[in-house]
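Q: turn this into a structure:
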Amino acid sequence: MRDFLLSLSRGVARHDVPSAFLPHFQALLQLRALVQKNDLYSLDPSFKAGKLDVAFNGTGFLSSLEPTSAKDILIESSSLHGAMRGDLVVVKRVANKRSSRPKAVVVYIAQRAFSKSIVYTKMSKGKVVGANVKNEALFEITASQKSLKQLPLGTVLKIDNTSNTIEEVLGVLDDPSVDEKISLALFDKKEFFSPEAEAEAKSHGDFVDKNYYSHRVDLTHLPFCTIDPVDAKDFDDAIYFDVQNHVLYVAIADVSEYVHAMGYIDKEALVRGFSIYFPHKAIPMLPRALSENICSLKPNVDRLAYTFKMTLDPLTCEPIQEELFESVIHSQKRYTYETIDLFLKGDLSDADATDQPILAYLFELNALTKKLRTIRLEKSFSFRASEIRMRVDENQNLISTSIEEETPSHGLIEDCMLLANKAAAKKLGFGIFRTHESPSYERMEALLSDLALIGINVKLRSDLPQMIREIQQKADTLNLRDEVDKLIIKSQKKAIYEPENKGHFGLGFDMYTHFTSPIRRYSDLTLHRLLKAKTSHDDKKLAFLLKDIAPLCEQISLLERESDKVAWDYMDR
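A: Numbering: from 1, shown residues only. Down below sits the predicted model:
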């Protein structure tokens with residue numbers, strides 16, 4: 001579509017218009033938006049084609065497709081005529097009595113950026129219209145006024161943008177539970193799975209008999225434990241540390257045993273890409289029969305795992321030997337971060353005899369991971385991690401908000417997972433890496449300019465991690481660490497998934513991937529399949545998995561951003 005609209009800016013013969021675009025060509029002719037000179041048709045000078053952006057107040061701006069075009073063209077909200085952010089549109093310029101800035105009205109929507117939109121009903125000039133929940137832009141819904149007036153004002157609707165027809169009634173604005181539906185619908189996310197996917201998930205049952213898995217390493221005698229948030233149900237990872245031999249076991253839910261490529265579950269998991277976490281519930285990537293049951297490393301039951309066994313150097317804490325194998329584990333305890341933090345502080349008032357096998361290694365493992373973190377931060381940097389934790393009641397009314405800070409228990413688990421993720425990356429030559437490129441010098445110069453305004457003066461240097469640590473040290477002395485960390489994060493490039501290793505700047509790793517969360521990240525599930533094919537020397541399967549790995553990495557990166565936006569959108573409501 002973009003190329004077609006550009007051709008109209010230059011001039012195109014009618015017989016050269018691709019058949020797929022002939023309806024658009026005819027529509028623009030009827031609007032008298034095209035002029036003919038000899039055999040060529042082009043846009044009338046008073047018309048412009050471009051991409052629409054819409055500000056929060058509903059005002060639109062057209063970015064022309066022509067690179068030589070000057071200022072963006074202003075479009076008032078009343079002149080959008082149903083067009084939305086990202087749409088490719090044709091506008092007609094009109095007089096702007098208030099300023100010299102170009103002004104226009106939308107006359108034709110050539111291509112929608114989004115197939116759906118979410119609106120709520122309101123009265124405007126005696127008619128029921130839809131108001132976009134994101135920017136309040138008004139447009140007419142393709143439905144009779146009689147039927148629309150039967151709905152209470154403030155009814156939230158999912159609209160098919162191609163026809164402006166109602167696809168689904170989500171609820172009413174006064175109902176707190178509608179916020180969740182709006183956030184999901186804005187990004188075309190679904191909560192429920194198809195009957196076929198649910199049936200496939202339930203077919204695996206909820207019981208693991210290790211006698212059926214004689215080829216797996218039996219680790220059920222080891223006192224594994226899980227450490228997760230208090231409301232978690234999808235336990236991806238479990239740990240055990242052999243203190244005497246300095247061996248760390250990181251056992252990860254073996255999702256690939258249950259979710260086969262191109263099956264019903266797999267197809268839906270790929271569309272989702274990631275689990276989405278709201279304050280009151282999770283929208284899982286996998287059916288709950290898997291994510292919260294047979295795949296989840298729940299306590300006191302046997303579960304299938306994909307396990308890294310890593311022998312660590314007592315001095316450097318780095319692995320000197322790494323083994324990866326399929327296993328069966330039997331997690332003995334399910335802990336929360338809060339409980340482990342109390343244990344690490346020496347408060348064992350809630351501990352009993354069943355905790356002793358785990359406490360026997362927990363303190364040693366904590367000391368090791370603290371040392372590992374100190375060594376790691378000599379090559380990288382860290383940000384003060386804090387999250388807003390919201391509590392809602394059963395009706396999704398907000399009860400309270402609090403700031404959740406990173407604690408020692410978070411650090412313990414994080415560094416165990418980092419070791420496993422690094423170990424997995426070493427086994428890949430090509431596949432799916434988690435990459436994070438260093439920021440450009442232009443971005444760093446802009447950051448230093450901003451910091452100078454608040455009294456933090458640092459010179460640009462080639463060793464960017466060291467420079468960032470210096471910035472953070474100066475921010476600490478001014479009690480501005482949280483604010484400065486946010487500025488530093490904004491200057492960074494985003495971490496993404498790529499088929500080739502490019503290192504991870506933020507973590508200071510030469511290579512890195514995501515191995516430890518296959519229940520909630522499709523990237524990790526993909527990696528497990530690749531590693532199994534590679535370690536079993538199944539070249540045919542490996543070739544199949546790698547066939548479209550580049551576009552898959554791109555798709556997963558996009559889905560990750562979308563999943564984050566869904567959660568942020570809900571928090572902002």
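Q: the residue nearest in space to the middle of the chain: what's it in contact with?
A: Residue closest to the mean C-alpha point of the chain, counted by C-alpha atoms, centre = their mean, is residue 560 at 2.2 Å. Residues near residue 560 by C-beta atoms under 8 Å, 6 or more residues apart in numbering: 273-274, 497, 523. Yep, even glycine has a C-beta here, placed from its N, CA and C like the rest.
Q: distance of it relative to residue 306?
A: Computed as C-beta to C-beta, to the nearest Å, the residue 560 to residue 306 distance reads 22 Å.
Q: likewise for residue 453?
A: For residue 453, the distance to residue 306 equals 50 Å [C-beta to C-beta].
Q: between the two, who's got more neighbours?
A: residue 306 (27 against 7; other C-beta atoms under 10 Å).
Q: next up, the contacts around that one.
A: Taking C-beta under 8 Å, 6+ apart as the test, what residue 306 contacts is 251-254, 256, 324-327, 518, 528, 531-532.
Q: where strands are concerned, which of those residues count?
A: Within the contacts of residue 306, residues falling in strands by DSSP state E are 251-253, 324-327.
Q: buried subset of these?
A: Neighbour counting by 16 or more other C-beta atoms under 10 Å classes 251-253, 324, 326-327 among these as buried.
Q: can I get those residues in TSV including distance to residue 505 and pLDDT?
A: Below are these laid out as TSV (distance: C-beta to C-beta, whole Å; pLDDT from 0 to 100):
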residue	distance to residue 505	pLDDT
251	29	99
252	25	99
253	29	99
324	26	98
326	33	99
327	33	99
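Q: take those residues and write them to a markdown table, including distance to residue 86.
A: A markdown table is the format used below for these (distance: C-beta to C-beta, whole Å):
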| residue | distance to residue 86 |
| --- | --- |
| 251 | 43 |
| 252 | 38 |
| 253 | 37 |
| 324 | 43 |
| 326 | 45 |
| 327 | 47 |
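Q: biggest separation within these, which pair?
A: Maximum pairwise distance in these, criterion C-beta to C-beta, is 14.6 Å, between 253 and 324.
Q: secondary structure class for the residue nearest to the centre of the chain?
A: Here residue 560 is recorded as helix under DSSP: H, G, I helix; E, B strand; the rest coil.
Q: any idea how far it is from residue 470?
A: When C-beta to C-beta is applied, the distance between residue 560 and residue 470 equals 31 Å.
Q: so where's the protein uncertain?
A: Counting by pLDDT under 70, the chain contains low-confidence residues at 56, 67-71, 384-404.
Q: quick check: domain ranges of it?
A: 2-111, 116-174, 195-437+493-572, 441-490 (automatic domain parsing).
Q: distance check, the closest residue to residue 544 other than its chain neighbours against residue 534.
A: Closest residue in space to residue 544, ignoring its immediate chain neighbours: residue 261 at 7.8 Å, by C-beta to C-beta, 6 or more residues apart in numbering. As defined by C-beta to C-beta, residue 261 lies at a distance of 15 Å from residue 534.
Q: kindly report the same for residue 9.
A: Relative to residue 534, residue 9 is positioned 50 Å away (C-beta to C-beta).
Q: touching, residue 415 and residue 372? I think so.
A: Yes: the pair residue 415 / residue 372 is scored as a contact, 5.2 Å apart, by C-beta atoms under 8 Å.
Q: residues shared between the contacts of those two?
A: Here residue 415 and residue 372 have no joint contacts, going by C-beta under 8 Å, 6+ apart.
Q: wait, which of the buried ones among the ones in strands among the contacts of residue 306 is closest to residue 345?
A: Of all these, residue 345 sits closest to residue 251, with 26.5 Å by C-beta to C-beta.
Q: what sits against that closest one?
A: So, once contact is read as C-beta under 8 Å, 6+ apart, residue 251 ends up touching 219, 224, 237-240, 297, 305-307, 327, 329.
Q: at 6 Å instead, please
A: Taking C-beta atoms under 6 Å, 6 or more residues apart in numbering, we find residue 251 in contact with 238, 305, 307, 329.
Q: what number of residues lie near residue 431?
A: 26.
Q: pretty sure it sits against residue 531.
A: No: judged on C-beta atoms under 6 Å, residue 431 makes no contact with residue 531 at a distance of 8.2 Å.
Q: my guess is residue 87 contacts residue 113. True?
A: Yes: the pair residue 87 / residue 113 is scored as a contact, 5.2 Å apart, by C-beta under 6 Å.
Q: who has more neighbours out of these two?
A: Taking other C-beta under 10 Å, residue 87 and residue 113 do not tie; residue 87 has more neighbours (22 against 15).
Q: who touches the more buried one in this structure?
A: Applying C-beta under 6 Å, 6+ apart, we find residue 87 in contact with 52, 109, 112-113.
Q: again, 10 Å this time
A: The contact partners of residue 87, by C-beta atoms under 10 Å, 6 or more residues apart in numbering, come to 50-54, 60, 80, 106, 109-114, 161.
Q: swap in residue 214?
A: residue 328.
Q: I'd like the distance between it and residue 514.
A: Counting by C-beta to C-beta - residue 214 and residue 514 are separated by 30 Å.
Q: what of residue 132?
A: In terms of C-beta to C-beta, residue 132 sits 35 Å off from residue 514.
Q: so the two - more neighbours on which side?
A: Neighbours were counted for residue 132 and for residue 514 using other C-beta under 10 Å; residue 514 has more, 24 against 21.
Q: who are the neighbours in contact with that one?
A: 417, 420-421, 424-425, 432-434, 495, 497, 521-527, 556.
Q: among the residues you listed, which lie within strands?
A: Checking the contacts of residue 514 against DSSP E, those in strands are 433-434, 497.
Q: and of those residues, the nearest to residue 380?
A: Using C-beta to C-beta, these come closest to residue 380 at residue 434, 14.1 Å.
Q: pretty sure the closest one sits against residue 496.
A: Yes: the criterion here is C-beta atoms under 10 Å, and residue 434 meets it with residue 496 at 7.8 Å.
Q: shared neighbours, these two?
A: Counting by C-beta under 10 Å, 6+ apart, the contacts common to residue 434 and residue 496 are 502, 553, 557.
Q: out of those residues, which are inside helices?
A: Among these, DSSP state H puts 553, 557 in helices.
Q: between the shared contacts of residue 434 and residue 496, which is nearest residue 32?
A: When these are compared for distance to residue 32 (C-beta to C-beta), residue 557 wins out at 43.3 Å.
Q: any idea how far that closest one lies from residue 496?
A: According to C-beta to C-beta, residue 557 stands 4 Å off from residue 496.
Q: likewise residue 348?
A: From residue 348 to residue 496 the distance is 43 Å (C-beta to C-beta).
Q: those two: which is more packed in?
A: Using other C-beta under 10 Å as the criterion, residue 348 and residue 496 rank with residue 496 on top: 18 against 12.
Q: the more buried one contacts residue 550, correct?
A: No: between residue 496 and residue 550 there is no contact under C-beta under 10 Å: 11.9 Å.
Q: would you agree residue 24 falls within a helix?
A: Yes: under three-state DSSP, residue 24 falls within a helix.
Q: count the neighbours of the nearest residue to residue 290 once chain neighbours are set aside for me.
A: Residue nearest to residue 290 in three dimensions, not counting chain neighbours: residue 201, with 5.0 Å by C-beta to C-beta, 6+ apart. By other C-beta under 10 Å, 23 other residues sit near residue 201.
Q: quick one: residue 500 from residue 526, how far?
A: 15 Å.
Q: equivalent analysis for residue 87, please.
A: 33 Å.
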